[in-house]
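[1] Pasted the sequence and its predicted model underneath.
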Number of protein chains: 2
Amino acid sequence: MTADAWLAQLQENGYRLTAARRAVVETVWQATRALTPLEVFDLARKKYRALGLVSVYRTLEKLEELHLIQRVHQPQGCQAFIAASRGHEHLLLCQNCGRVSFFEGDDLDALIKTISKKTGYQIREHWLQFFGLCQSCQ
Amino acid sequence: MTADAWLAQLQENGYRLTAARRAVVETVWQATRALTPLEVFDLARKKYRALGLVSVYRTLEKLEELHLIQRVHQPQGCQAFIAASRGHEHLLLCQNCGRVSFFEGDDLDALIKTISKKTGYQIREHWLQFFGLCQSCQ
DNA sequence: TACTTATTGAAAATGATTTTCAATTTCAAA
DNA sequence: TTTGAAATTGAAAATCATTTTCAATAAGTA
């Protein structure tokens, strides 16, 4: 997957390719940390000066709808986005630089079964997220 | 812990006891699902008609600061609050009625060690949350 | 190349939250 | 008790993020 693949996905879904969308897509694609709409706006404007904040919101909306990006929940706020994980992966966030990584391989089946029995809930989804320090921030 | 204990906590921390605070505290204390500020306002006004929305925001802020309530993150938004868990507990949310329960007993040590080794991150915190259907909503 | 229609950015509107402020209330000290 | 300083109040105004409106422009098909 490259930024071009995202643009292709947009096009395949009936959306047009424009300078505004290219700038937003490339910006979010390149990011290693979650970006808020305003941060995307500031960064993407370096690629395309005439970009409007409204187009950032609209493009993020479409990328999220196509599951190409996902919202990142953090103690300081939940309005930031990052490239979506492929398959069943969870987030790992650096508390210092904000870097976002993914990991897989959680096995919560035993826990889910236990909690299900204990509480009577039928468990259908889970959120798991780790916070810590990335290698270069330690 | 009762609602009175929360009020006592507020007082111990130098905050005064007022009718507005009592109404907000009792409302959030009684809730079995996460409530937004506006929902708290509507419910608490049944206890104290003169309550202002601003006081709801201010009281929630203090309760959160004292770790008596916590923000609940959900796909549809992250502005709702529920009584905080005691100790190391995680949330279990009913996707139908919104009921919030807690569970403990997660053992992620093995997983954390593996991910730590694989990614080089020093992992310091984790968020785990289950979604499903509570007994009466199944 | 022409033309239909999606997309644009600016401006206005909205909605949630925060700040300001004068009036009121709490609560400690007299 | 009463008093009075200081915290707290609700209403209104201000702010901030996000959404809607709209006329002009640009994309991409015919």
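    Yep, it's here.

[2] residues touching the spatially closest residue to A:C134 that is not a sequence neighbour, list them.
    Spatial nearest neighbour of A:C134, chain neighbours left out: A:C94 (4.0 Å); criterion: CB to CB, 6 or more residues apart in numbering or on different chains. The C-beta positions use only the backbone N, C-alpha and C, and glycine is treated the same way. With contact set as CB atoms under 8 Å, 6 or more residues apart in numbering or on different chains, A:C94 has these partners: A:33, A:100-101, A:132-134, A:137, B:121.

[3] rerun that using 10 Å as the cut-off
    Each residue near A:C94 by CB atoms under 10 Å, 6 or more residues apart in numbering or on different chains is listed here: A:32-33, A:100-101, A:131-138, B:121-122.

[4] which of these count as buried?
    Among the contacts of A:C94, those buried by neighbour count (16 or more other CB atoms under 10 Å in any protein chain shown) are A:100-101, A:131-134, B:121.

[5] now, which of the residues you listed sits nearest DNA strand C?
    Distance to DNA strand C, by CB to the nearest atom of the strand, is smallest for A:F131 among those, at 22.5 Å.

[6] before we move on, what SS does the closest one have?
    Three-state assignment for A:F131 (DSSP: H, G, I helix; E, B strand; the rest coil): strand.

[7] just checking, it touches A:L92?
    Yes - at 7.9 Å, A:F131 counts as touching A:L92 under the criterion of CB atoms under 10 Å.

[8] Tell me where chain A has helices.
    A:3-12, A:19-30, A:37-44, A:53-65, A:109-119 (DSSP state H).

[9] Now do the buried residues in the third one.
    Residues of helix A:37-44 classed as buried by neighbour count (16+ other CB under 10 Å): A:37, A:39-41, A:43-44.

[10] Pull the most distant pair out of the residues you listed.
    Maximum pairwise distance among the buried residues of helix A:37-44 (CB to CB): 11.0 Å, between A:P37 and A:L43.

[11] Now the common contact residues for the two.
    Taking CB under 10 Å, 6+ apart as the contact rule, the neighbours common to A:P37 and A:L43 are A:24, A:56.

[12] Pick out the residue closest to the middle of chain A.
    A:I82 (2.5 Å; CA atoms, centre = their mean).

[13] how about the residues of chain A near DNA strand C?
    Within chain A, the positions near DNA strand C by CB under 7 Å from any atom of the strand are A:14-16, A:18, A:20-21, A:48, A:50-52, A:54-55, A:58-59.
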